[in-house]
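Chemist: A predicted structure for the sequence below; I have some questions about it.
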Amino acid sequence: MTITTAKQQPRPSRRLLRLTPLAAMVLALPAHADWRVVPTLSTTATYTDNVDLRDDTLKRSDLVTQVAPGVTVVGKGRRLSVSASAAWHQYAFLHGTGRRTVDNQRQYNGALRGELAEDLLFIDASASRGQRSASAFGPQLSNDLYALGNRAEIETWSISPYLVQRFGNTASMQLRYTRDGVDASGRDALDGITRRGFNKSHGESVNATLASGSAFDALGWGLSYYRQDLESERIGDSSTQSLSANLSYRVTPRLSLTANAGYDRYDFGLGSGDAGRNWSGGFVWKPSTRTSLQASLGRHYYGQTGSLLASHRSRHTVWSVNYSDAVTNSRQQFLLPSTIDTAALLDRLFAASFPDPVERQRMVAAYIQASGLPPSLADSVNFLSNRYMRQKLLQASSAYRRGRSSAVLSLYASERIALTDSQSDSELLGSQLSSLNDNVRQRGVDASYTYQLNRRSSVIASWDLRRSHSITTGLVDHQRTLRLGLTRRYGDKVLGALELRRRSGDLGLGAGATYQENAVTASLSMQL
């Protein structure tokens, strides 16, 4: 394997300095590591009758062509694994770039996991750049990356070394330090309103855990401490602290009872904060290797709360249900997305047919590409806000595969109640819409169906329906997208696709403003 480096710049950027430890790890990768570098190229032509996603009086049609070179890198060795992808989208418009469109857009996403000292010191790292919905109201993010309405580019990075120490079969300890950052690009995203109002922040966190080992047969225990300090440009510094203890008792080989107690302290910045005790009790039930159910009910200082995590896998289906209730913010969700990972869902579905994990990963990636599925489902739950909030989130997903038919279904319902003052969000949506994202309920369903005509061709249909309700203002927003498509594979490395799309919904500006779009897209994707 040969690795080349660019010529050193006289004054390296701070971001480059952050990545220096990652570069050193790659250079130290053992020669026997398995690397797979796949250059990609996609070309797309889209005719749309509403390229700006405006109402009928202002909409205009256009032909948009796209060329997107990219690369995917996967490396796996005994002590280091890397997974990364990047693409650069270049657009050309028949009638020229409009005020709400852009001529290029960059995306990347990468993750690294390494072992610095055997069975002792490890490191996780990640970085990403991509578009996100700015508001829960208005047209949501789709595959029309050239549009700028209600979206912003978000960059994230995280470096997290951690120490693992085992004390025989008595206990194990983990000590983790994390440094991360979240930033918006500042591009115009909604009728000239910039996203510089989204707070640029850097975070430092320490997480320490101590858990019982195999010497404790029926009774298990654990202790954990977490602290995060945020440095922000707009709302001042803030911090989070949490101390908790947990117990578990195995009643039967398949059923365990659980209990947790702790104390949380939040400093929200701008002179506000809160603190209080918490407790919960629940159970873990695993009747078989294919079914598990974990649930708890308890109370935090902000009210009664609970959690649920259930999964089931059969020969042809997988099912998953998840409910959480916690204090969070937008930057935390961008770093740890509250979405349903499509690949992880399909990985469980393909487990019976492809027991080898490497082969299964390849088949899942090919299926996602051929079916036109997004990398994550329920991706509209998060939106831009500088405020801490209490989020209740229920997600359910299912995947089906049998014969020539396959389908993926996901549903979600969320409620976000702001815990801090709206002053920190005053620049995000402008003065007229500043309270729109204060307290929001969202509902949505994503469904897709694929029928394989033959070994190389498939027909795809998908439906996306979303509803957002502003509890503060009373505004209700609906978004609907219907897609019908045909894909055909030419050899092992070329995929062609033809898609018809119809979108409609509210513009998120109140006063009954709506939009409609009809589009047809032809694309060709290649692995070089």
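Modeler: Happy to help now that I have it.

Chemist: C-alpha only now, for contacts and for neighbours.
Modeler: Fine.

Chemist: Arg132 and Phe383 touch, don't they?
Modeler: Yes. The pair Arg132 / Phe383 is scored as a contact, 7.3 Å apart, by Cα atoms under 8 Å.

Chemist: which residues are in contact with each of these two?
Modeler: Counting by Cα atoms under 8 Å, 6 or more residues apart in numbering, Arg132 and Phe383 have no common neighbour.

Chemist: in the stretch 401-528 of the chain, which spans are strands?
Modeler: 405-418, 439-452, 457-470, 476-490, 494-506, 514-527 (DSSP state E, counting those that start in this stretch).

Chemist: adding distance to Ser280, mean pLDDT and mean neighbour count, write those out as CSV.
Modeler: Shown next, in CSV, are those (distance: least, Cα to Cα, whole Å; pLDDT from 0 to 100; neighbours: other Cα atoms under 10 Å):
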stretch, distance to Ser280, mean pLDDT, mean neighbour count
strand 405-418, 21, 90, 20
strand 439-452, 25, 91, 20
strand 457-470, 30, 92, 20
strand 476-490, 35, 93, 19
strand 494-506, 41, 93, 19
strand 514-527, 45, 93, 19
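
Chemist: right, and those strands - which one's nearest Ser214?
Modeler: Nearest of the strands of the stretch 401-528 of the chain to Ser214, taken as Cα to Cα: strand 405-418 at 37.7 Å.

Chemist: let's see that closest one as CSV, backbone CA atoms only.
Modeler: Written as CSV, here are the backbone C-alpha positions of strand 405-418 (Å, rounded to 0.1, in the frame of the first residue of the first chain):
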residue,chain,number,x,y,z
SER,A,405,-40.4,-8.2,-3.3
SER,A,406,-38.8,-6.0,-0.6
ALA,A,407,-40.1,-3.1,1.5
VAL,A,408,-38.9,-0.7,4.2
LEU,A,409,-41.3,1.1,6.5
SER,A,410,-40.5,3.7,9.3
LEU,A,411,-42.8,5.8,11.4
TYR,A,412,-41.8,8.4,14.0
ALA,A,413,-43.5,10.8,16.4
SER,A,414,-41.6,13.4,18.4
GLU,A,415,-42.2,16.3,20.8
ARG,A,416,-39.6,19.0,21.6
ILE,A,417,-40.2,21.5,24.4
ALA,A,418,-37.7,24.2,24.8
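
Chemist: angle of it against strand 439-452?
Modeler: 170 degrees (axes from the mean of the first three to the mean of the last three Cα atoms, to 10 degrees).

Chemist: in terms of secondary structure, what does strand 405-418 contact?
Modeler: On a contact count with 3 or more Cα pairs under 8 Å, 6 or more residues apart in numbering; DSSP states H and E, strand 405-418 meets strand 389-402, strand 439-452.

Chemist: for Gly269, which residues are in contact?
Modeler: Taking Cα under 8 Å, 6+ apart, one finds 235-239 in contact with Gly269.

Chemist: same question, Asp438
Modeler: 416-418, 422, 470-472.

Chemist: one step back: same list, the strands of the stretch 401-528 of the chain, but as TSV with distance to Tyr266 please.
Modeler: Shown next, in TSV, are these (distance: least, Cα to Cα, whole Å):
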stretch	distance to Tyr266
strand 405-418	14
strand 439-452	20
strand 457-470	25
strand 476-490	32
strand 494-506	36
strand 514-527	40
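
Chemist: now the helices for the stretch 251-400 of the chain?
Modeler: Ranges of helices in the stretch 251-400 of the chain, per DSSP state H, counting those that start in this stretch, are 330-335, 342-349, 357-371.

Chemist: going by mean pLDDT, which of the ones you listed comes out lowest?
Modeler: Least confidently modelled of the helices of the stretch 251-400 of the chain is helix 357-371, at a mean of 66 by mean pLDDT.

Chemist: so what sits opposite Pro69 in the bridge?
Modeler: Leu41 (DSSP bridges).

Chemist: same question but for Asp183, I mixed them up
Modeler: Glu155.

Chemist: pretty sure it contacts Glu233?
Modeler: No. Using Cα under 8 Å as the test, Asp183 is too far from Glu233 to be in contact (10.7 Å).

Chemist: got any ranges where the stretch 51-200 of the chain has weak pLDDT?
Modeler: 97-100, 185-197, 199 (pLDDT under 70).

Chemist: now do the residue lying farthest from the centre of the chain against Asn169, distance only.
Modeler: Computed with Cα atoms, centre = their mean, the residue of the chain farthest from its C-alpha average is Ala215, at 37.8 Å. Computed as Cα to Cα, to the nearest Å, the Ala215 to Asn169 distance reads 5 Å.
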